[in-house]
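Novice: I'd like to go over a predicted model; first the sequence, then the structure.
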Amino acid sequence: METADLSHHISRRFNEDLERVRTKVLAMGGFVEAQLAKALTSLIEGDSSLGESVALDDLQVNGMEVLIDEECSRILATRSPAAGDLRVIVAIIKTITDLERIGDEGEKIGYIASRLATMERPENKYREIKHLGRIVSEMVHDALDAFARMDAEGALRVARQDRVVDEEYEAIHRQCITFMMEDPRAIRRALDVMWVVRSLERIGDHAKNICEYVIYMVHGKDVRHTKLEDVERDLQAAAPTNR
Amino acid sequence: MIATRQAWWFALARIAGVVLLGLLVGLALGRIYLGLALVLTAALTWQLLNLFRLDYWLRDRGARDPPDAGGVWGDVITQVVRLHRRKRFHKQRLLRVFRELRHSTAAMPDGVVVLNDQLEIIWFNRMAGRLLSLKRKADLGIRVTNLVRDPEFLRYLQQGDFTEPLVVRLSAGAGLSLSFQVVPYSSNQRLMLVRDVSRQVALESMRKEFVANASHELRSPLTVITGYLETLTQDEEMDPTLRAPLAEMRRQAERMNRIVRDLMELSRLDYSDEEVDGEAIDVRALASMLRKDVLARPGHPAVSLKLESGARLSGDEPEILSAFSNLVDNAAKYTPESGSIEIRWWVDPAGEGHFSVTDTGIGIAAEHLPRLTERFYRVDAGRSRATGGSGLGLAIVKHALQHHGARLEIVSQETVGSTFTCHFPARRILPPAEGGNIAAITVTDTALS
């Protein structure tokens, strides 16, 4: 009776630990989301001081990553989790790396935005970046939502969005090349825009990665480097056994 | 009750009858005990049968009618049925009330989320689901901070002071501006109200932009007008009858200039409600400077300084200067030459700093005090215009102090005088500069000096 109580006690403490780390990951995710939103705003509205503040605040993201990493190591060392719990920890360790990278890309965008703010703005006021930025921000948001809800289907839906981002990236790429050929004076700005778009595309990839970790966490299936259609079929086949 | 007792007597009589019957049967058979045993077994079986029927019926009540039994058994069954009916009635009534309550909260135009002490979502209504994009059933039991991840929102929930609602512009989705208000209503539950304030926020920023733009646009034409008026008033060949009107025009133009300047200052302060970081401000030097400004006015009252602390203030120097100078200006304006002004700066034992300006001027009636810091509020329109105020001074003071987490206190009595005190929180107070004079400085002068 006593041992049962004890083990129950230990597992409850363990669950609390796990839940706390998950909450921290999501808090970090929220911060990164806000950073990305600010970076995009600074670019679109030409607010150089906001862009600079984004670049500075990236330090906090790095700090959060280190802290969560440490906590995960501690849990691994002291609790030696197994099965689903182990998958959660592994997924968290991978997720924070991607979140940190998203933060880095956001920092880059903020930095470039503060530089672009001093230059002449194009006529369309970076409409294409605004559009791509919205898709990518939503991807990050939905990926984190899927992480919070342990929602593999939602994660798959987000991962599918990555194709749209890639297409959009390709389109802006072409557009920039056209601009540069038309007017060599626009090359400097167009190159900066390319950097921003490239960062956004990378962020989309990181969001997709996070979705893959969510699927791994829920179903125990490593779906990296697998075609999405195959993943979908696999998940549908696996679903009845999971319920 | 009486019927029940009768039934029990009847049951007792029946038992006696059964025993008697048993005795008779026994006598007839020649074996008393056998007869008795037979009859009692039969009676017991009957009782058991009734018990079985009751049990069977209780197991799935509602599906069938209650068993039909007479005597004590009938009584017991009737009681059970009555009890059951009463319970069902209460339950239904409770359910109805509960359902109505839930429908009414669900239909509320504001979002409502019930959280437990772990901040996990227990229940939310339709509006909250829409505003925060929560999913109907799946999101119950998930921490709200896991789904609403805005850093400002997290900070608001963690700091635990819910007297002021929080307004946040969520970056996800349609970019709504939401106002959050948390109400702890029991030891382990709290209610979170969510409202869409996007419209108000947009209106507010439009208003601010309008004031900023309008004051800016008014400036250039005014500069031209004052410029020409200046030249005209200095023109020697000007018709003497026009001199007085021209001088008056110039004065009014000056006043308009001041109003525009104050409006611009105010719209700059208005731009954000966030507290400013600060540099160290030497309050003593500031106070001495303000005193000299007053002494430079013609017909000024006496000004004394009572600087009890050498502590410095952490804040934005131009904002603090404009707040303090507005207070001292007001005091000088409304105090006659025979009166006096006292400027005081001290730090109390709790570490809070206080800057006060006391005058022996005309004072303000109590009914005006609450509205004094409103824009363009005037206690006495004629008097204030005569002194050339813009009507924005105290609004500027209020906003500048808000940026420093400070507040303004006004104590006044008509014909006796007023005291305006700025209370600064302890975190804004810095120790005196190295090598600075720690002792209190007191400068007094009389009206005659």
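Specialist: That came through fine.

Novice: from here on, contacts and neighbour counts on C-alpha atoms
Specialist: Noted.

Novice: Longest helix in chain A, please.
Specialist: Criterion DSSP state H: the longest helix present in chain A is helix A:2-45.

Novice: now for the helix or strand following it, which elements pack on it?
Specialist: Next helix or strand after helix A:2-45 toward the C-terminus (DSSP states H and E): helix A:48-79. Contacts defined by 3 or more Cα pairs under 8 Å, 6 or more residues apart in numbering or on different chains; DSSP states H and E place helix A:48-79 against helix A:2-45, helix A:83-116.

Novice: Show me the one of those helices that comes nearest residue B:369.
Specialist: helix A:2-45 (41.4 Å; Cα to Cα).

Novice: The closest one near chain B at all?
Specialist: Yes: applying Cα under 8 Å from any Cα of the partner chain, one finds helix A:2-45 touching chain B at A:23, A:26, A:27, A:29, A:30, A:31, A:33, A:34, A:37.

Novice: from the chain's centre, how far out does that helix sit?
Specialist: In terms of Cα atoms, centre = their mean, to the nearest Å, the centre of helix A:2-45 is found 14 Å from the chain centre.

Novice: what angle do that helix and helix A:83-116 make?
Specialist: 20 degrees (axes from the mean of the first three to the mean of the last three Cα atoms, to 10 degrees).

Novice: what helices or strands is helix A:2-45 leaning on?
Specialist: Going by 3+ Cα pairs under 8 Å, 6+ apart, helix A:2-45 lies up against helix A:48-79, helix A:83-116, helix A:127-149, helix B:144-147, helix B:151-159.

Novice: Need the residue closest to the centroid of chain A.
Specialist: residue A:207 (3.8 Å; Cα atoms, centre = their mean).

Novice: list the contacts for residue B:188?
Specialist: Counting by Cα atoms under 8 Å, 6 or more residues apart in numbering or on different chains, residue B:188 touches B:116, B:117.

Novice: what's the distance between it and chain A?
Specialist: Distance of residue B:188 to chain A, given as Cα to the nearest Cα, to the nearest Å: 17 Å.

Novice: One more: residue B:171?
Specialist: Distance from residue B:171 to chain A, by Cα to the nearest Cα: 6 Å.

Novice: Quick check, that residue in contact with residue A:37.
Specialist: Yes: at 6.2 Å, residue B:171 counts as touching residue A:37 under the criterion of Cα atoms under 8 Å.

Novice: Surely residue B:176 touches residue B:200?
Specialist: No: the pair residue B:176 and residue B:200 fails to qualify as a contact (Cα under 8 Å) at a distance of 11.2 Å.

Novice: residues contacting residue B:366?
Specialist: Residue B:366 sits in contact with B:412, B:413, where contact means Cα under 8 Å, 6+ apart.

Novice: Now do it, the pLDDT please.
Specialist: At residue B:366, the model reports a pLDDT of 84.

Novice: can you give me phi and psi for it?
Specialist: Taking degrees, to the nearest 10, you get phi -60, psi -40 for the backbone angles of residue B:366.

Novice: can you give me the strands in chain B?
Specialist: B:111-116, B:121-124, B:166-169, B:177-186, B:189-196, B:279-281, B:302-307, B:312-315, B:340-347, B:353-359, B:407-413, B:417-424, B:429-430, B:441-443 (DSSP state E).

Novice: tally of neighbours for residue A:118?
Specialist: 11 (other Cα atoms under 10 Å in any protein chain shown).
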